[in-house]
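In: quick one, fold the following:
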Amino acid sequence: MSKLTTPREAPSFAALVQIFFAEHLKQQRAMSPRTVATYRDAFVLFLNFAERQLHKQPTEIQLAQITPALILGFLDYLEHDRGNTIRSRNARLAALRAFLKFAAHRDVSALRVVEQALGVPMKRFERPMLGFLSRDEMLAIIGKLGEDWTSQRDHLLLTMLYNTGARVSEIIGVRLADVVLNGTAFVTLHGKGRKQRTVPLWRSTVKAIRSWLRLNPELASASSLLPNRAGQPMTRNNVTQRLDLAVKAASSVHPRLVDRHVSPHMIRHTTAMHLLQSGVDISVIALWLGHESPTTTHQYVEADLAMKERALARLQEPDIAIRRYRAPDSLLEFLKTL
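Out: Model (predicted):
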């Protein structure tokens, strides 16, 4: 007689979290280290919150205790106590959802609670109008090529941000091997989700890169194109600080910049808007910026009031004379009786 087999015991919550990160995200889905880090940060925040609410160590928490009430409390904590934006709140929720979907297949006993927890909705929010710079403002921020090492590095940094429309993570990740200067010059950017795209370079950008390489002959193909003084890739904070200094210098010529928050991402918006205003097709701009959805790129059309005005000018106005309304006699008589 064959022996009766007992159903395999479901893994604990702690084990599920470890399997989710070590096997599911890294091995099975091959997510980028940046995405894994984002999920990790969401879980650290959630587990710290759950520990306070449930009065249990994270290793003692059970999957069935991840209720909608606990998740909603966590999301309120993010918004009201930590001051997170709705976009950040939704990103944390997306990480929890991904884990719950994964865990539901491995602990059937908690399926009902998981389904309820997955019902917690994303929060809608109004997208702000995209801010961008004029061409004169952008050129003033880039400034003139200086003589010292830092000035030349910053000039190339800002030039490449404007030329490529790259994200900060993409621009600081550019290595010397990613740049081709002979023939049709271009740079290869390593974007989100390990996606790569090539962006052509202006002649002025090529000239700036050649000048930079002459100043730094020790740079190898695996070296960062835009290093810090220690020879390591610049950080996000480095880029933000250098941009702030450039904006401060440019504000003497363009005083409006004093009251504006110019971020590296605004330069990305600026590149897109200037391409659009130059007549570049929106599908090409989507490829240029590495957008997965064309809906994202359509935001630039909505933001460009000048383009809307030009479109309206092409539409012939209706030549209709507005006639004065005359009330019928019966209505006048009615009003006279009041």
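In: buried residues in the strand or helix carrying residue 96?
Out: For residue 96, the host element (DSSP states H and E) is helix 86-104. Residues of helix 86-104 classed as buried: 89-93, 95-100, 102-104 (neighbour count, 16 or more other Cβ atoms under 10 Å). No exception for glycine: its C-beta is placed from N, CA and C like everyone else's.
In: what's the mean pLDDT across stretch 263-275?
Out: The pLDDT scores in stretch 263-275 average 91.
In: keeping just the C-alphas, turn it into PDB.
Out: Extracted in PDB, the C-alpha atoms of stretch 263-275 (Å, rounded to 0.1, in the frame of the first residue of the first chain):
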ATOM      1  CA  SER A 263      16.000  69.900 -11.300                       C
ATOM      2  CA  PRO A 264      17.900  67.500 -13.600                       C
ATOM      3  CA  HIS A 265      14.500  66.100 -14.600                       C
ATOM      4  CA  MET A 266      13.300  69.600 -15.700                       C
ATOM      5  CA  ILE A 267      16.200  69.500 -18.200                       C
ATOM      6  CA  ARG A 268      14.800  66.200 -19.500                       C
ATOM      7  CA  HIS A 269      11.400  68.000 -19.900                       C
ATOM      8  CA  THR A 270      13.200  70.900 -21.600                       C
ATOM      9  CA  THR A 271      14.900  68.600 -24.200                       C
ATOM     10  CA  ALA A 272      11.500  67.000 -25.000                       C
ATOM     11  CA  MET A 273       9.700  70.300 -25.300                       C
ATOM     12  CA  HIS A 274      12.400  71.800 -27.600                       C
ATOM     13  CA  LEU A 275      12.300  68.700 -29.800                       C
END
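In: now what about that stretch, what contacts it?
Out: 130-133, 135, 138, 158, 161-168, 171, 239-240, 243, 284-285, 288-289, 297, 300, 303-304 (Cβ atoms under 8 Å, 6 or more residues apart in numbering).
In: and these, which of them are in helices?
Out: 135, 138, 158, 161-164, 168, 171, 239-240, 243, 284-285, 288-289, 297, 300, 303 (DSSP state H).
In: just the buried members of those residues?
Out: 138, 158, 161-164, 168, 171, 239, 243, 285, 288-289, 297, 300, 303.
In: tell me the least confident of those residues?
Out: residue 303 (55).
In: show the contacting residues for residue 28.
Out: With Cβ under 8 Å, 6+ apart, residue 28 has no contacts at all.
In: pLDDT value on residue 126, please?
Out: 62.
In: what of residue 157?
Out: 97.
In: ok, now how distant is the residue lying closest to it once chain neighbours are set aside from residue 82?
Out: Sequence neighbours aside, residue 226 is the residue nearest to residue 157 in space, at 5.4 Å (criterion: Cβ to Cβ, 6 or more residues apart in numbering). For residue 226, the distance to residue 82 (Cβ to Cβ, to the nearest Å) stands at 32 Å.
In: those two: who's more crowded?
Out: residue 226 (21 against 12; other Cβ atoms under 10 Å).
In: thank you kindly, that will do.
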